[in-house]
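Peer 1: Have a look; sequence and predicted model below, questions after that.
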Amino acid sequence: MTASLKSHSHGQTMVLTISNPEHRNALGPDMYAAGVEALNAAESSPEVRSVVITGEGAHFCAGGNLQRLLGNRQLPPEVQAQSVEGLGNWIETIHTFSKPVVAAVEGACAGAGFSLALACDLIVAAQNSVFAMSYSSVGLSPDGGATWSLVRAVPRATAMQLLLAGERISAERLLQLGVITQVSDAGNALADALALCERLNARAPNALASIKELTNDASSAPLHVQLDAERDHFVRNLHHANAGEGIAAFLEKRPANYR
């Protein structure tokens, strides 16, 4: 079976499915390119208001394909450099994508798979799912923004423990740490992620885009810069048609119909 990234629509949500179940949905360069292409198409589509990334079968993603990595040792270093850059492009595209991206995790979420989940805005994980930054277990260092994401998501000591020791961590523990959004019953992560997206899809897309941009910039921006950015977004959103609809709907005690 050929590894691929499948795409289908569920209402206003685009579902991207990592499809390589024979290798626990290991990632590869073709998937990275397909992920960037899919998000670029979704960015410009008013029919898409959110995206879910999930894995086919019992696992989310076990990371990179070790057989492919072993083969790349016999090739010029530029080959692997291009592959890592391809993953980085997908991670950065998720980060800058203006619409919510939710990871729906079952089973193993390891290595670059964990990096991919951390790049998403929200993570819904099955109760029996297991997360691991397993790079050091095979003599490698992280990619996919793992170090960038982890040090922003958990205390430094926890990030170092996960990265240096490659230890497994449960969905319940990550929920306690505030890394994941929701723990689901086994087999229900995708359904719960889609239900979450339906709630997000009912909100004003322009407001959600502003919230994502402001939140992404907050950790590196001085307070006065962030205050200015919040002012600009607030004023722009107030004068958007969706604010008129939202305020009127609230006052009239009815559901809002955002565009």
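Peer 2: Thanks, I have it. Numbering: from 1, shown residues only.

Peer 1: what stretches of the stretch 151-259 of the chain score poorly on pLDDT?
Peer 2: Counting by pLDDT under 70, the stretch 151-259 of the chain contains no low-confidence range.

Peer 1: so where do the strands sit in it?
Peer 2: 168-170, 182-184 (DSSP state E, counting those that start in this stretch).

Peer 1: which non-adjacent residue is nearest Val79?
Peer 2: The spatially closest residue to Val79, leaving aside those adjacent along the chain, is Asn72, at 5.5 Å (C-beta to C-beta, 6 or more residues apart in numbering). Quick note: C-beta positions are derived from backbone N, CA and C, even for glycine.

Peer 1: what about that neighbour, neighbour count?
Peer 2: Other residues within reach of Asn72, judged by other C-beta atoms under 10 Å, total 16.

Peer 1: nearest to Val84, of the strands of the stretch 151-259 of the chain?
Peer 2: strand 168-170 (23.7 Å; C-beta to C-beta).

Peer 1: Break this structure down into its domains, please.
Peer 2: The chain is divided into the following domains under automatic domain parsing: 4-201, 205-251.

Peer 1: which ones are touching the most centrally placed residue in the chain?
Peer 2: With distances taken as C-alpha atoms, centre = their mean, Cys120 lies nearest the centre of the chain, 1.7 Å away. Listed by C-beta atoms under 8 Å, 6 or more residues apart in numbering, the contact set of Cys120 reads Ile53, Ile94, Val101, Val102, Ala103.

Peer 1: so Pro142 touches Met133, yeah?
Peer 2: Yes - using C-beta atoms under 8 Å, Pro142 is in contact with Met133, at 6.3 Å.

Peer 1: between those two, which one's more packed in?
Peer 2: Neighbours of Pro142 and Met133, each counted by other C-beta under 10 Å, are more numerous for Met133; the result is 27 against 20.

Peer 1: if I look at the more buried one, how far off is Gly145?
Peer 2: Distance of Met133 to Gly145, computed by C-beta to C-beta, to the nearest Å: 12 Å.

Peer 1: With Glu245 instead?
Peer 2: 36 Å.

Peer 1: Looking at those two, which one has more neighbours?
Peer 2: Legend: neighbour count by other C-beta under 10 Å for Glu245 and Gly145, higher for Gly145 (21 against 15).

Peer 1: Please list all residues in contact with that one.
Peer 2: Counted by C-beta under 8 Å, 6+ apart, Gly145 has contacts Gly88, Ile91, Glu92, His95, Ser115, Leu118, Ala119.

Peer 1: tell me the pLDDT at it?
Peer 2: Gly145 carries a pLDDT score of 98 in this model.

Peer 1: do you know how far Ala229 is from Ser220?
Peer 2: Ala229 is 12 Å from Ser220, where distance means C-beta to C-beta.
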